[in-house]
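Enquirer: Sequence isn't available, so here's the structure alone:
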């Protein structure tokens, strides 16, 4: 009996020690910075947007293109993480200071043509794609994500030259930065006849 106990007790102690070690190891692993970003759109398009107002121009009138990727960001860590800002190709920023408009559109077919300062209209209908941005569908920094939870919404970028092809989104957080690939596959170009003159 004593022989059995002398063998069994150390073995039992070893098993419990191993379980405790694995549990501690798992806890430490779960504390590591682990952020994932998934793009929900099958095809991402850049928009060369309509421009309508000379008197009240878009805040970013100097940039012709807009991008609105729809993403899910997941915090796979047992510690909360705060997202401070995003960047596209380490150049174009989306942060708390970004003042995007509430509505953007691209006219892809128009019923008007302009010649010698005269606008002519046909009987056909215009075709547009439009998007509305608000606090419910935009992931505007600063964003805190609880442990093992996700947030979903639109990001917003503006840029002045086409970025069709492979790009990189960088997420800047309280626990470090992480890069994710983003491929822009197509483009919508505005054909609206507006006579818009950007500010000097």
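Expert: That came through fine. No experiment lies behind these values; they were computed from the predicted model shown. Numbers count the residues shown, from 1 in each chain.
Enquirer: Which positions within stretch 150-164 qualify as buried?
Expert: Residues of stretch 150-164 classed as buried by neighbour count (16 or more other C-beta atoms under 10 Å): 153-159, 163. For the C-beta atoms, the positions are set from N, CA and C on the backbone; glycine is no exception.
Enquirer: got it, and stretch 164-181?
Expert: Those buried within stretch 164-181 under the rule 16+ other C-beta under 10 Å are 167, 169, 171-173, 175, 178, 180.
Enquirer: Restricted to helices, list those.
Expert: The members of the buried residues of stretch 164-181 all map outside helices under DSSP state H.
Enquirer: and of those residues, the nearest to residue 106?
Expert: residue 167 (19.7 Å; C-beta to C-beta).
Enquirer: Show me the shaky parts of the chain.
Expert: Across the chain, the ranges flagged by pLDDT under 70 are 1-31, 53-56, 110-124, 194-200.
Enquirer: hmm, try it at 80
Expert: Residue ranges of the chain with pLDDT under 80: 1-31, 52-58, 110-126, 193-200.
Enquirer: nearest to residue 100, of the buried residues of stretch 164-181?
Expert: residue 169 (16.4 Å).
Enquirer: Can you name the residues bridging to residue 178?
Expert: In this entry, residue 178 is beta-bridged to residue 171, by DSSP bridges.
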